[in-house]
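Peer 1: Return a 3D structure for these sequence lines:
(2 chains)
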There are 2 protein chains.
Amino acid sequence: MIEYKLFFDTDGLEGSVKKAFERVVKEREEGITGYYELPFTSLNLLENIPSYPHIKKIALIGIGGSSLGTKAIYELLKHQIHHKEIIFLENPDPIDLEEKFSKIKKRDTLFFVISKSGTTIETISIFKAVIKQFDLSLSKDNIIFITNPSSPLEKLGKENSIPIYHIPSNVGGRFSVLSAVGVVPLAIAGFDVKSILLGAKNLIEDFFNQKALHILQKAAFYHKIYPQVKTNVLFSYSSMLVDFNRWYEQLIGESLGKRKGEERVGITPIAHIGSIDQHSFLQLLIDGPLDKTVTFLKIKKFHNYLKIPPLSLNYLEKTDFVNNHTFNELINKECDATLESVKKQGVAVDLIEIGSMKPKNIGELILYYQLLTSSLGALFEIDTYNQPGVELGKRILKTKFPS
Amino acid sequence: MIEYKLFFDTDGLEGSVKKAFERVVKEREEGITGYYELPFTSLNLLENIPSYPHIKKIALIGIGGSSLGTKAIYELLKHQIHHKEIIFLENPDPIDLEEKFSKIKKRDTLFFVISKSGTTIETISIFKAVIKQFDLSLSKDNIIFITNPSSPLEKLGKENSIPIYHIPSNVGGRFSVLSAVGVVPLAIAGFDVKSILLGAKNLIEDFFNQKALHILQKAAFYHKIYPQVKTNVLFSYSSMLVDFNRWYEQLIGESLGKRKGEERVGITPIAHIGSIDQHSFLQLLIDGPLDKTVTFLKIKKFHNYLKIPPLSLNYLEKTDFVNNHTFNELINKECDATLESVKKQGVAVDLIEIGSMKPKNIGELILYYQLLTSSLGALFEIDTYNQPGVELGKRILKTKFPS
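Peer 2: The predicted structure is shown next:
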């Protein structure tokens, strides 16, 4: 269970709420984006994923939308169950790559190559380096491709009988984690993907049955206070949420930063980790310009009972007020106290309280942010699902390697 | 060697450059902040740090300014030499703590407790949990404290003959990495701290001899375009720079987010990693609002020659233009191409090109950002070195634990 609390006034937003809802319904009906269907279609997909009993590790080659969501879920769940380790080969940083290569043995590793277009330069270059490093032959035994139907990568896969899973063509990378992109590697690694999908499915159903009004209200409010306030800070209270934060930044930044005719619109996402960044970013939120909304994300129950022991150290007695409490309580009360202190400045804050880090809740959390993003895009009247701006850099890159 | 390239017009900024320089000189003369002296005083400190031959690991208990800078340096240098592992116990997240506890053995670990005030609630709570977990006795054999002179933690240390190193009272946490805070653990771990300090010292001398004008020019330009542009994005092209990014965010956010009478000022720092975040944040920079400056940070030479092998895969021939090039080249040309594509939008960009990740260059990079921060604070006429805004949350936190 997740509770959502908005600490700002949602009166007078009915018109925007209605407008956003109608456009999202239209998007779904017209298939403009297909992510709404993934929790349903992926439940079927899940039934047909073979098991790989001889496999101990997964090496996932992919960048951006092909890895961020999977990594976010992996980092949230990996502490809870026995699973196959996933090594993410994302960045074309040679030192990072060699460090990760040293952890891989060909014999017991399953290699995923994930690229929607099938030609992502970082991904294919890393794949080539992997082929050389591990003397990997293109065979069905230990390679899986995930790509768009009829991409060049699919053609290569078919030619070599490599198993291929598809990303639906109307689902962009940042909306794809509940497609084969995340479902196949996470299921093979041993995670309870079914519960993740069910959690997502429940929220989809609630949203389209108008039972998740708070999402539309939050979008309508952010739209109302734009452009005076065009930055959203996500303050996540657990070190496990570092990669979720990265996923959130991609989702919001890449979906909502768009041209609308001559106009440039965008919500700037910034994500931090509590309580660490109370010692970093908080000062700016309290005394700096009031140009940000802040969302606090908290896990009520951590599956861990580590306590601050009842030790009273000489001269440090003023720290004893937390003695005998769990770290779970400490980090959450830090969240509550920080929320209050930020709210007192007149900042629009909201709170997402996750009951515990169960797969079902993770599925819901993912859909929550995707639906929020779609609702915002609807109100800004932009194309939430494309990314035309990244093409220029790709074209310039080619000119840097003269043939 | 580091090269700094400003791709914006610095004409007409002479007045601001002069003003910033004069105030920074005054701050140094009056001892308003003491970080300018650290590269000199820490060279002496370094001579008197005992070696700990029986120690294999360091557990560093500290949060915010007490750990971020040390972690940034550690992550940049750890691949290059044999060293003692440092485990950072920062966040009061119970799952993160227990995972890290499992890597620690009391017998061969040196525990640092680092807190400027000596009473940081997270740090002391984690210290108490460590005492219980490892049945640690307060003794000089495997504990070191680093704190303000005459803090409660110093008193506890003296009572138990624990070695104590001081943070100068006029050096705040985020400016303290070249004080004992970073110097002592990094030196004991086996890193070449002397070269780091010499790199920092050189830049200090250049700056005060007016030979690092580009720092003042960048500050003057950012001040000129404020408040239309009040966000700086740091795009760092290496996975090794993740923790440097965090340090940068604290330095800029906490130093420059301040009240000035009734007015609220602040530069919002956002840090990303290339090329990963080209697939995430770049779209917003290209098509979103022109309210950000962007700094690109790049390492020219990675100490690694991993290549993209000359493999041509069927259907993927269009990716072959990078074949036979190193990943070092690929990631850097991605940086160049992205810089160009962002610059074309009219965004003020600059480039920091680090020759290689040598200790000397790291020292310079740290001082570069600290001097930039001081120069900006001078122009905004704020107190760059305090953090009054974080106290409210601390007071509220106490009320959440009724006694």
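
Peer 1: Give the burial count for the residue in the stretch 151-300 of chain A positioned nearest to chain B, as a bare number.
Peer 2: Here the stretch 151-300 of chain A gets closest to chain B at one residue, A:His279, 2.5 Å apart by CB to the nearest CB. In this view, the C-beta of every residue, glycine as well, is placed from N, C-alpha and C. Residues near A:His279, counting by other CB atoms under 10 Å in any protein chain shown, number 26.

Peer 1: Please apply the same query to the one 3 residues further on.
Peer 2: Applying the criterion other CB under 10 Å, we find 28 residues in the vicinity of A:Leu282.

Peer 1: Same question for A:Gly31.
Peer 2: A:Gly31: 12 surrounding residues under other CB under 10 Å.

Peer 1: Next, work out how far apart it and A:Leu379 are.
Peer 2: 21 Å (CB to CB, to the nearest Å).

Peer 1: for A:Tyr4, phi and psi?
Peer 2: phi -120, psi 120 (degrees, to the nearest 10).

Peer 1: Look up how far chain B lies from it.
Peer 2: To chain B, A:Tyr4 is 21 Å away according to CB to the nearest CB, to the nearest Å.

Peer 1: Which strand residues bridge that residue?
Peer 2: With DSSP bridges as the criterion, A:Tyr4 is bridged to A:Ile352.

Peer 1: isn't it right next to A:Gln217, touching?
Peer 2: No - taking contacts as CB atoms under 8 Å, A:Tyr4 lies outside contact range of A:Gln217: 9.6 Å.

Peer 1: what's the nearest residue to whichever residue of the stretch 1-150 of chain A sits closest to chain B if we skip its chain neighbours?
Peer 2: Among all residues of the stretch 1-150 of chain A, A:Gly64 sits closest to chain B, at 2.5 Å; criterion: CB to the nearest CB. Once flanking residues are discounted, A:Gly64 sits nearest to B:His279: 2.5 Å by CB to CB, 6 or more residues apart in numbering or on different chains.

Peer 1: If I look at the one you found, what pLDDT would I see?
Peer 2: With respect to pLDDT, B:His279 scores 94.

Peer 1: mind listing what it touches?
Peer 2: Neighbour list for B:His279: A:Ile63, A:Gly64, A:Gly65, A:Gly173, A:Gln250, A:Glu254, A:Val390 [criterion: CB atoms under 8 Å, 6 or more residues apart in numbering or on different chains].

Peer 1: Give the full set of residues in contact with the third one.
Peer 2: Under the criterion of CB under 8 Å, 6+ apart, the contact list for A:Gly65 reads A:Lys116, A:Gly172, A:Gly173, A:Arg174, A:Phe175, A:Ser176, A:Val177, A:Val181, A:Gln250, B:His279.

Peer 1: Which pLDDT value belongs to it?
Peer 2: 96.

Peer 1: ok, now A:Lys26?
Peer 2: 97.

Peer 1: tell me, how many neighbours does it end up with?
Peer 2: The local packing of A:Lys26 (other CB under 10 Å) involves 11 other residues.

Peer 1: Could you say which helix or strand holds it?
Peer 2: Element membership of A:Lys26, judged by DSSP states H and E, is helix A:14-30.

Peer 1: returning to what we had before: among the contacts of B:His279, which one lies nearest to A:Ala337?
Peer 2: Distance to A:Ala337, by CB to CB, is smallest for A:Gln250 among the contacts of B:His279, at 29.7 Å.

Peer 1: so who does the closest residue to that closest one other than its chain neighbours touch?
Peer 2: Leaving aside its sequence neighbours, A:Gln250 sits nearest to B:Ser280 (CB to CB, 6+ apart; 3.7 Å). Contacts for B:Ser280 (CB under 8 Å, 6+ apart) come out as A:Gly64, A:Leu68, A:Arg174, A:Arg246, A:Glu249, A:Gln250, A:Gly253, A:Glu254, B:His272.

Peer 1: So which of the contacts of A:Gly65 is the closest to B:Thr120?
Peer 2: For the contacts of A:Gly65, the nearest to B:Thr120 is A:Gln250 (32.9 Å; CB to CB).

Peer 1: For the closest one, which residues are in contact?
Peer 2: So A:Gln250 contacts A:Gly64, A:Gly65, A:Leu68, A:Arg174, B:Asp277, B:His279, B:Ser280, B:Phe281 (CB under 8 Å, 6+ apart).

Peer 1: Please put the alpha-carbon coordinates of the longest helix anywhere in chain A into PDB.
Peer 2: Taking DSSP state H as the criterion, chain A has its longest helix at helix A:359-380. The C-alpha coordinates for helix A:359-380 follow below in PDB (Å, rounded to 0.1, in the frame of the first residue of the first chain):
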ATOM      1  CA  PRO A 359       7.100  -5.800  -5.400                       C
ATOM      2  CA  LYS A 360       3.400  -4.800  -5.600                       C
ATOM      3  CA  ASN A 361       4.200  -1.400  -4.200                       C
ATOM      4  CA  ILE A 362       7.100  -0.900  -6.600                       C
ATOM      5  CA  GLY A 363       4.800  -1.600  -9.600                       C
ATOM      6  CA  GLU A 364       2.400   1.000  -8.300                       C
ATOM      7  CA  LEU A 365       5.200   3.500  -7.700                       C
ATOM      8  CA  ILE A 366       6.400   3.200 -11.300                       C
ATOM      9  CA  LEU A 367       2.900   3.600 -12.700                       C
ATOM     10  CA  TYR A 368       2.300   6.500 -10.400                       C
ATOM     11  CA  TYR A 369       5.200   8.400 -11.900                       C
ATOM     12  CA  GLN A 370       4.400   7.500 -15.400                       C
ATOM     13  CA  LEU A 371       0.700   8.500 -15.100                       C
ATOM     14  CA  LEU A 372       1.800  11.800 -13.400                       C
ATOM     15  CA  THR A 373       4.100  12.400 -16.300                       C
ATOM     16  CA  SER A 374       1.400  11.700 -18.900                       C
ATOM     17  CA  SER A 375      -1.000  14.000 -17.000                       C
ATOM     18  CA  LEU A 376       1.500  16.800 -17.000                       C
ATOM     19  CA  GLY A 377       2.300  16.400 -20.700                       C
ATOM     20  CA  ALA A 378      -1.500  16.500 -21.400                       C
ATOM     21  CA  LEU A 379      -1.800  19.900 -19.600                       C
ATOM     22  CA  PHE A 380       1.300  21.300 -21.300                       C
END
